[in-house]
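*Asks:* Pasting a predicted model and its sequence here:
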Amino acid sequence: MPSDDARLSDLDRGILEFEQDWMTHAGARDSAVRERFDLTPAGYHQHLNRIIDLPEAEQHAPRLVRRLRRLRAARQDQRQEQRSARRAGEQSHVG
């Protein structure tokens, strides 16, 4: 019987482990991402966002994945609020 995280690749599991303890890595986070995963920071975050949507990722690291989802949702909410505020500001200057 396959394990709960059978659909997670070695890269997926490595990224989750990195997220779990990235603060212990020496040097800048972006440099550590490039060295460990051979990914750009943008590519890393795109991959991470795909991973945390997988049920297998939540089974593998439930607290971490839920925390990362909350952080992502908070960033999305903040961006939406900023866009709404910009639009409201633009509309108040029209006319």
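*Replies:* Done, it's in. Numbering: from 1, shown residues only.
*Asks:* Which strands or helices does the longest helix seen in the chain pack on?
*Replies:* If you go by DSSP state H, the chain has its longest helix at helix 62-93. Counting contacts by 3 or more Cβ pairs under 8 Å, 6 or more residues apart in numbering; DSSP states H and E, helix 62-93 is packed against helix 10-21, helix 55-60. To be clear about C-beta, it is placed using only N, CA and C from the backbone, and glycine gets the same treatment.
*Asks:* ok and the longest one relative to helix 62-93, angle-wise?
*Replies:* Inter-element angle recorded for helix 10-21 and helix 62-93: 80 degrees (by axes from the mean of the first three to the mean of the last three Cα atoms, to 10 degrees).
*Asks:* Taking helix 10-21 as reference, get the angle to the helix or strand just after helix 10-21.
*Replies:* Counting by DSSP states H and E, the next helix or strand C-terminal to helix 10-21 is helix 29-37. Here helix 29-37 runs at an angle of 150 degrees relative to helix 10-21 (the same axes, to 10 degrees).
*Asks:* And helix 29-37, what's buried?
*Replies:* Residues Val33 are the ones in helix 29-37 that count as buried (16 or more other Cβ atoms under 10 Å).
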